[in-house]
Structure formats: structure tokens, C-alpha cells
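> Return atomic coordinates for the entry below.
(one chain, ligands or ions: 2)
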Amino acid sequence: MKIHEYQAKQILQQYSVPVPEGQVATTPEEAEEIARQLGGTVVVKAQIHAGGRGKGGGVKLAKSPEEAKQMASEILGMQLVTHQTGPEGQKVKQVLVEEGTDIARELYLGAVLDRSTSRVTLMASQAGGMDIEEVAAKTPRKIIREAVDPGVGLQPFQARRLALSLGLHGDQLKFGTKFILGLYDAYISTDCSLAEINPMVVTRDGDLLALDAKMNFDDNALFRHQDILGLRDTDEEEELEVEASKYDLNYIKLDGEVACMVNGAGLAMATMDIVKYAGASPANFLDVGGGTNVERVRNAFHILLSDKDVKAVFINIFGGIVRCDRVAQGVVEALQTIELKVPVVVRLQGTNAEEGSKILEESGIKFRVARDLKEAAEAVVQAVNESA
Ligand code: GDP
Ligand code: MN
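Residues are numbered from 1 along each chain as shown. Ligands and ions are numbered 1, 2, ... in the order given. As a prediction, the model looks like this:
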């Protein structure tokens, strides 16, 4: 789960990570009032769940409360397009109004789970700011890493080493070390999957501040963080993914044209591979899970068919624990309430596969039944071409 910058900053502050003073506003008048209270130059920042806002025109400096009001009126309601939003952009509903910072240096600091080493890894770079992706791609040596031993956690000497690599000395080294340990503490305590400060700035006065903050959380750990769950903003999420999460279904929106209903993540991967291999592209995948029932399948099928990009549906089920007849029953029931406008290819194997096929046949709905994966994938491609 993702949260907004202003929410991440509120959390980080509780872990002794210094952040600029500021408040969130939903109207230009509110932004003006906050700017007046802060005094001096302020920065008005679009709050969306995507990075790259600066380059997209979503971060603006204002020298007076009137100017802050003006900037807020320009940013609020805009369809902000960044390299992370896709071409349609994301509508801005809130802005963060913060005291302006006089920046001497822009650094990068991040904590992430490195899946290849199975360790939380801290990353630091002196080349922070808006081009960090390019730095990572072209000059990865400029990013310094420290892997954390899960048994003992981040050690102060590691935090010092990172702070030194950021070119911090004297008091700044002391504050920087505390800053890094604070970020790690926040990451672990809230079960993050990513915590990123870009830029972490050294101000002209020599202070350290988290000027931007991004925190993503491990969905599987959210049950023990009700407070964080309360920060969820479903307006920022893919509509059908939100719908699917209500039914506890794993649904991921992709950009092709074949809806894939499968059971199990491994089969999902194999299904998408074979669809691609046969010459089509997945529009999404929906994992109905291991022990599914008729109702889940019905909900799943509703979600799949609500996706406007879908030109064909591919139901690929291996009945291990799940029974194929239940899946078939769910599909047929779903189709009694929604009109089917695209072809559906079905491949059922395993427990009660024959009973499942029989239910489909007797439903009176035209399914294309395939016996194996290859045949199914070819039928899917043909179906896509026909409906195009
Ligand atoms: P992002 O583009 O979505 O990552 O948004 P950031 O919060 O990182 O802001 C983008 C850039 O705006 C930063 O890298 C800074 O260069 C600049 N910026 C943000 N806040 C301030 C500020 O208070 N003062 C100044 N001078 N620049 C700022
Ligand atoms: Mn940033």
C-alpha cells in the first residue's frame, strides 16, 4: 500500500527524522492561510501517489500567501502527468504547503527489501534529486549500499558509513547517522517495503531535512497497523484493483487485451507467458486463489468483464484443492447477470474437470473449451483477432 508524502512525513517525524513544517490543504484559501501562518517563502506540492511531480509541474515555490493561493489553485484539480502516472495522469485533490527550504545539497536516502539477498538494504547517494533514476541506470557506482543483517538490525557503524559516503562531517555526520537510523527504525516498525527520501537535503544553515518522503507498506503486514490502514487513499488506486481487494482477490491491471482468470500465482505467470508467446497480451490477471468457491468466481468474473480493454477472456484453472465444477458454476452464474460481449476460452484440468466441462456445455453459453495450454493460448489469440 502507498501513502501520500505528507502522511509519510508525519510518520517519519515520529522516528526522529527531521521534516519541514507544513500542512495539507484541499482549497486555495486553505493553502493561503497555511502559508500565512508559516510566513516567508513556501512550497506548494501536489499530493499524488506518484513521483516525478517536480518535473510535471506539481511542485511550486510561492513568495507570499497570495502567491501560495494562486499556485494551489493551479495545482489543485490538475491532471498531473509524470513518468510514473502514465499518459492520462492523476488528478490532484490535495496540496502540501510547507516552509521553503534553502537548499545547499540534494542527497538520496532509501531503504528497500532486496529480494536477491533477502535483506533490507539501505542506499545512499550524493547525486540525489530529480534525476536519481538516471544516476542508478548510468552510474550505479554513485549509489552506496549497506545490507542489514536481520538478526541484529542496522548497526550504528553502518549508518555512519552511509553518512560519510554522503559527504557529511562533524555535527552533520552525527545528525546524518541519527537520520539514517531513524529512517530504518520507521521502515522496520511500520513494515515498509520501501522508504525513500529524495531529496534528503543539507540546508544553507547546515541542517538536514527530509524534503520529500515516500513510504510503501507490505500489504501482508497491514493487519497489525490499523493506523496506517486508515491512511489508505483508494482514489489513487486502480478502480478494479480496489474492487477486487474487497473480495480478497488478487487482481492486477496490465495493458494488453486478454483477461486471465487463474488459480495460483505460478499458473498466472505461466498463463501470461503462454499468451504472450502465442502472440497476444494480458489485460490483467486475476488469481482466484487455491480454495475458491462459486461466489468468489462470480465476483472475479464481474471484475474481469468490467475492464474495457478486454477483447477475450482466458479461464485457466488447475483443480488441485479447488474443484473445477465450482469454478464452472461460478462462471455460469456470473454470466446470468452480465451480458457477455467477448469470447471466453476455458481450460480446466484436475479435480472434477469433467463435471466442470459438462456444466459449461449445458449452460447454453458459447465457451471455447481447450484441452491443453497450447491449444488454449492459440484459441485465445484467435478470439482476440476475431473480436478486434
Ligand atoms: P518529486 O519530483 O515528486 O520527487 O517531488 P520532490 O518533493 O522531490 O520535489 C522536487 C524538487 O523540488 C526537489 O528535488 C527540489 O529541488 C525542489 N524543492 C522541493 N521543495 C523545495 C523547497 O522548499 N525549496 C527549494 N528551493 N526547492 C524545493
Ligand atoms: Mn522526490
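> residues contacting the closest residue in space to residue 90 that isn't next to it in sequence?
Residue nearest to residue 90 in three dimensions, not counting chain neighbours: residue 48, with 4.4 Å by CB to CB, 6 or more residues apart in numbering. No exception for glycine: its C-beta is placed from N, CA and C like everyone else's. Residue 48 is in contact with 4, 58, 80, 85, 90-92, 236, counting by CB atoms under 8 Å, 6 or more residues apart in numbering.
> If any of the residues you listed are buried, put those into a PyMOL selection.
PyMOL command restricting the contacts of residue 48 to the buried ones, with burial defined by 16 or more other CB atoms under 10 Å:
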select buried, resi 4+58+80+85+90+92+236
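> Out of the contacts of residue 48, which is nearest to residue 155?
Distance to residue 155, by CB to CB, is smallest for residue 4 among the contacts of residue 48, at 31.6 Å.
> Distance of the closest one relative to ligand 1?
Residue 4 sits 11 Å away from ligand 1, going by CB to the nearest ligand atom, to the nearest Å.
> Give me the spatial nearest neighbour of that residue, chain neighbours excluded.
Per CB to CB, 6+ apart, closest to residue 4 is residue 47, 4.4 Å.
> Report the separation between the one you found and ligand 2.
13 Å (CB to the ion, to the nearest Å).
> residues in contact with stretch 88-97?
4-6, 22-26, 31, 34-35, 38, 42-50, 56, 58, 68, 72, 75-82, 235-236.
> on that earlier part again, just the element for the residue nearest to residue 90, please.
Assigned by DSSP states H and E, residue 48 belongs to no helix or strand.
> before we move on, back to that, now list the buried members of the contacts of stretch 88-97.
The buried subset of these - by 16+ other CB under 10 Å - is 4-6, 22-25, 31, 34-35, 38, 42-50, 56, 58, 68, 72, 75-76, 78, 80-82, 236.
> what about the nearest residue to residue 167 once chain neighbours are set aside, how many neighbours?
Spatial nearest neighbour of residue 167, chain neighbours left out: residue 126 (5.7 Å); criterion: CB to CB, 6+ apart. Around residue 126 there are 16 other residues, counting by other CB atoms under 10 Å.
> Touching, residue 126 and residue 105? I think so.
Yes: counting by CB atoms under 8 Å, residue 126 does reach residue 105; the two are 7.4 Å apart.
> shared neighbours, these two?
Contact with both residue 126 and residue 105 is made by residues residue 167, according to CB under 8 Å, 6+ apart.
> Tell me which residues of the longest helix seen in the chain come out buried.
Assignment by DSSP state H gives helix 170-189 as the longest helix of the chain. Within helix 170-189, the residues that qualify as buried are 172, 175-188, counting by 16+ other CB under 10 Å.
> now do stretch 264-276
264, 267-268, 271-272, 274-275.
> before we move on, what about stretch 209-221?
For stretch 209-221, by 16+ other CB under 10 Å, it's 209-217.
> what's next to it, contact-wise?
Contact partners of stretch 209-221, identified using CB under 8 Å, 6+ apart, comprise 1-3, 5, 7-9, 11-12, 17-20, 51, 101, 103, 106, 179, 186, 190-201, 203, 225, 228.
> okay, residue 280: pLDDT?
Reported pLDDT at residue 280 in the predicted model: 96.
> same question, residue 285
In the predicted model, residue 285 carries a pLDDT score of 89.
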